[in-house]
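> next input, structure requested:
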Amino acid sequence: FAGDYIAEVKKDTADAYHQYKACEKELKESVSEEGERAKELSFLQFEVSEILDADLKPGEDEELETLYRRMSNGKKIADQTAEAYRYTSEGEGSASDGLSRAIRMMADAAQYDERAEELYGQLVEVDSLLNDFNRELSDYETEKRLNEINHLKTKYGSTLEEIATYCRKQEERIRILEDYDQYVLGLKERCRQAEEKLLTSSKALSLIRKEQAKILEQAITEGLKDLNFADVRFQISFQETAGYTADGMDDVEFLISMNPGQPLRPLANVASGGELSRIMLAIKTVMADRDEVETLIFDEIDVGISGRTAQKVSEKMAVIGRKHQVICITHLAQIAAMADCHYLIEKTAGFSDTKTTIRQLGEEESVMELARILGGAKITETVIENAKEMKELAKHTK
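Residues are numbered from 1 along each chain as shown. From the prediction side, this is the model:
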C-alpha cells in the first residue's frame, strides 16, 4: 500500500542491513587466540615469501611451456645441451672465457699487422656467434623453472594472475595480523557505524509505514462497513522484531473486532470462512490499483448476506475485476449478475458413477440461470425480466 512512499528508504534499509551483517560476520570470525594468530602469520609469511622469491613474470609460464614442448623429445637433449652450455659459457676455462682473452690479445696485435687485424675480426665474429649460440642454448634451461611455476600453481592458483591475486590477499592478511589489536578496534567501530546507519534507516522506514497504516486502516474500515460489518473495528498493529531484518524492524499484524464490546484480536483467529472472504474483499478493493496478485478466488463470500450487502459485495468485486482476474462461486443473483462471464457447474449421476461438469454460458443462458436463482422452481416472464434488468444494471455499474 505504501510502496511508492517507502521504496527508496526500504532499499537503503536493505543495503544497510547487508553491510551490517557482513561486518558482524567479519567481527565474529576475527576472534582467535594469540597462539593461533602467530601460527597463521608464520604460515602466510611462508606462502608470500615462496611466491615473491619465484619472481614470476607475466606470460612466463606460457613461454616456458612452449620451450618445454620443444624439449619433450627426450631428456637426453636437455642433459647434453646443459653440458654444452657449461663448456661454452660458464666460468673460467669455458670457450666464452678463452675467446674473450684471445680477443683482448689480438686487439693489440691488430694495431701493427694486417694479418693480425684479419684474425682479430674473425675472433670477434666467432664471439658474436658463440653469444648467439649460448642464448639459444639457454632456452633449454626451462624444466627446473617450469616445475617451480607448476608447483606454485598447484598451491596458489591455476594462472600467474590468480597467484598474484592470492599473494596480494595474503599480504593484506599479514598486515592485519601484524597489527591485530588495531584491526579489531577498527572493525568494531565499522560495525557500530553500520548498526547506527541500519537503526536510523529502520526507524525512518517504520515511521512511514505507521503514517500510511493509519490511512489504510481508515480505508479498510470503511470498506468493511460497506459490506455489512456495522460495528467493526480494524487496526494495524506494530511490534518491534527481535533483531534487525532486511525489511526493517516492524512486525505487522492485522487486528479486528467484529462486534461491540469484543477486544481486538488477530484477524486469522476471529473470522469465519464467509466473513474472511468479505474482509479480504474489502482489503483487496482498497489495494486494487497496487496489488500485483493476478487472480483472486472467492468462495462462500455470499454466506449470511443478502440485499444491499450482496449488491455492495458485487460492486467491490467489479472494482477489483478492472485490474485482476476474479473468480467467484456464488448462489446470489446480485453477485452473479455483475460477472463478465458465467460458468455453470453441474453434477450428473449415472448408473455407475457421478460426473461434475463446468461449461461457459451464453447471454441467454446467463439470463435464464439468473432467473432460476431468483425464482426458484418456477420461472415466470416477470422473473426473466428481472434477471435481464439485473444484468443491465450491472453493466451500467461497471
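
> can we go C-alpha only for contacts and neighbour counts from here?
OK.

> got any ranges where the stretch 251-398 of the chain has weak pLDDT?
271-273 (pLDDT under 70).

> counting contacts, what elements does the top helix by length along the chain pack onto?
As assigned by DSSP state H, the longest helix anywhere in the chain is helix 180-226. Helix 180-226 sits against helix 3-30, strand 233-245, strand 248-257, helix 273-286, with contacts defined as 3 or more Cα pairs under 8 Å, 6 or more residues apart in numbering; DSSP states H and E.

> can you lay out those as TSV showing distance to Tyr343 and mean neighbour count?
Output for these, formatted as TSV (distance: least, Cα to Cα, whole Å; neighbours: other Cα atoms under 10 Å):
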stretch	distance to Tyr343	mean neighbour count
helix 3-30	36	16
strand 233-245	35	15
strand 248-257	34	19
helix 273-286	20	20
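
> need the ones you listed in CSV (columns: distance to Val184).
CSV is the format used below for the helices and strands packed on helix 180-226 (distance: least, Cα to Cα, whole Å):
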stretch, distance to Val184
helix 3-30, 7
strand 233-245, 23
strand 248-257, 27
helix 273-286, 51
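
> ok, now how distant is Met280 from Val48?
Distance, Met280 to Val48, using Cα to Cα, to the nearest Å: 65 Å.

> correction: the previous question concerned Leu64.
In terms of Cα to Cα, Leu64 sits 23 Å off from Val48.

> ok, Glu385 next?
Distance from Glu385 to Val48, by Cα to Cα: 93 Å.

> between the two, which has more neighbouring residues?
Comparing Glu385 with Val48 by other Cα atoms under 10 Å, the one with more neighbours is Val48, at 19 against 14.

> what sits against the more buried one?
Cys167, Gln170, Glu171 (Cα atoms under 8 Å, 6 or more residues apart in numbering).

> from the residues you listed, pick the one nearest Tyr5.
Gln170 (45.4 Å; Cα to Cα).

> wouldn't the closest one be in contact with Leu44 here?
Yes: in this structure Gln170 lies within contact range of Leu44 using Cα atoms under 8 Å: 6.2 Å.

> who are the contact partners of the spatially closest residue to Ile236 that is not a sequence neighbour?
Distances taken as Cα to Cα, 6 or more residues apart in numbering place Phe254 nearest to Ile236, at 4.8 Å, with adjacent residues excluded. By Cα under 8 Å, 6+ apart, Phe254 lies in contact with Phe234, Gln235, Ile236, Ser237, Pro266, Leu267.

> kindly recompute the last result at 10 Å.
Glu217, Phe234, Gln235, Ile236, Ser237, Phe238, Leu264, Arg265, Pro266, Leu267, Ala268 (Cα atoms under 10 Å, 6 or more residues apart in numbering).

> closest one of those residues to Glu60?
Using Cα to Cα, the contacts of Phe254 come closest to Glu60 at Phe238, 64.3 Å.

> distance of the closest residue to the closest one other than its chain neighbours from Thr382?
Among residues not flanking Phe238 along the chain, Val252 sits closest, at 4.9 Å (Cα to Cα, 6+ apart). Distance check for Val252 against Thr382: by Cα to Cα, it reads 52 Å.

> ok, now Leu281?
32 Å.

> swap in Ile6?
55 Å.

> low-confidence regions, the stretch 101-250 of the chain specifically.
101-110, 112-120, 122-124, 126-142.

> cutoff 90 now
101-154, 156-158, 170-187, 223, 225-231 (pLDDT under 90).

> specify the beta-bridge partners of Lys347.
Thr356 (DSSP bridges).

> tell me how many other residues surround it.
10.

> swap in the one 4 residues further on?
The burial count assigned to Phe351 is 5, neighbours taken as other Cα under 10 Å.

> wasn't it part of a strand?
No: according to DSSP: H, G, I helix; E, B strand; the rest coil, Phe351 belongs to no strand; its state is coil.

> buried ones in stretch 342-355?
Neighbour-count burial for stretch 342-355 flags His342 (criterion: 16 or more other Cα atoms under 10 Å).

> actually stretch 354-369, not the one I wrote
Neighbour-count burial for stretch 354-369 [16+ other Cα under 10 Å]: Ser366, Val367, Met368, Glu369.

> give the next helix or strand downstream of the one helix or strand the second one maps to.
According to DSSP states H and E, Val367 maps onto helix 363-375. Next along the chain after helix 363-375, taking DSSP H and E as the criterion, comes helix 381-397.

> how far does that following helix sit from its chain's centre?
54 Å (Cα atoms, centre = their mean, to the nearest Å).

> alpha carbons of it, as PDB, please.
The C-alpha coordinates for helix 381-397 follow below in PDB (Å, rounded to 0.1, in the frame of the first residue of the first chain):
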ATOM      1  CA  GLU A 381     -41.700 -14.000 -17.500                       C
ATOM      2  CA  THR A 382     -41.600 -11.400 -14.700                       C
ATOM      3  CA  VAL A 383     -38.600 -13.200 -13.100                       C
ATOM      4  CA  ILE A 384     -36.900 -13.400 -16.500                       C
ATOM      5  CA  GLU A 385     -37.400  -9.600 -17.000                       C
ATOM      6  CA  ASN A 386     -36.000  -9.100 -13.500                       C
ATOM      7  CA  ALA A 387     -32.900 -11.100 -14.400                       C
ATOM      8  CA  LYS A 388     -32.400  -9.100 -17.600                       C
ATOM      9  CA  GLU A 389     -32.800  -5.900 -15.700                       C
ATOM     10  CA  MET A 390     -30.200  -7.000 -13.100                       C
ATOM     11  CA  LYS A 391     -27.700  -7.700 -15.900                       C
ATOM     12  CA  GLU A 392     -28.300  -4.300 -17.500                       C
ATOM     13  CA  LEU A 393     -27.900  -2.500 -14.100                       C
ATOM     14  CA  ALA A 394     -24.700  -4.400 -13.500                       C
ATOM     15  CA  LYS A 395     -23.300  -3.400 -17.000                       C
ATOM     16  CA  HIS A 396     -24.200   0.200 -16.200                       C
ATOM     17  CA  THR A 397     -22.500   0.000 -12.800                       C
END
